[in-house]
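# Sequence and computational prediction follow.
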Amino acid sequence: MTSSPAVPADEPIRALEAASELLKALASPVRLGIVRELAEGEKYVHELVTALGVSQPLVSQHLRVLRNSRIVTTRRQAREIRYRLTDDHIAHIVLDAIRHAQE
């Protein structure tokens, strides 16, 4: 087993709380799936619905949580909205967690 770097004892509690909020926002199979899909690039809601095999209202509900947590951002293109990850680090966290769970 490989060891991971320890959190310094003097780490500000705000940073730990922010990390906790990030992990809470990701704590859903649908949200993890959305992040996994967006790791490949921007997507429309209907593309996420197709890829995840869940309803459009459910995807929209989870996208709202991810937007409120600043994990995803939007870009309007004509009448539709494209979603993308705010930060590639989120994709690494999620993809590493999925790989770890498959081991």
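Yes, it's here.

# Buried ones in stretch 58-75, by neighbour count?
59, 62-63, 65-66, 69, 71-72 (16 or more other C-beta atoms under 10 Å). All C-beta spots, glycine's among them, are computed from the backbone N, C-alpha and C.

# Over to Thr86: give its phi and psi.
phi -70, psi -30 (degrees, to the nearest 10).

# Check Arg76 too.
In terms of degrees, to the nearest 10, the main-chain angles of Arg76 are phi -80, psi 130.

# And it, how close does it get to Ala101?
35 Å (C-beta to C-beta, to the nearest Å).

# residue nearest the centroid of the protein?
For the chain, the residue nearest the mean C-alpha position is Val35 (3.9 Å; C-alpha atoms, centre = their mean).

# show me what contacts the closest residue to that one other than its chain neighbours?
Counting by C-beta to C-beta, 6 or more residues apart in numbering, Val94 is the residue found nearest to Val35 once chain neighbours are left out, at 4.4 Å. If you count contacts by C-beta atoms under 8 Å, 6 or more residues apart in numbering, Val94 has them with 26, 32, 35-36, 39.

# With Leu66 instead?
Taking C-beta under 8 Å, 6+ apart, one finds 25, 31, 34-35, 72 in contact with Leu66.

# which of those sit farthest apart?
With C-beta to C-beta as the measure, no two of the contacts of Leu66 lie farther apart than Ala25 and Ile34, at 11.0 Å.

# For those two, indicate the residue with more neighbours.
Each of Ala25 and Ile34 has its neighbours counted (other C-beta atoms under 10 Å); Ile34 has more, 28 against 19.

# Let me see the ranges of the strands in the protein.
For the chain, the strands defined by DSSP state E occupy 43-44, 72-77, 80-85.

# What segments of this protein are helices?
For the chain, applying DSSP state H gives helices covering 13-26, 29-38, 45-52, 56-68, 88-102.

# To Glu80, which of those helices lies closest?
Minimum separation from Glu80 across the helices of the chain (C-beta to C-beta) falls at helix 45-52, 7.8 Å.
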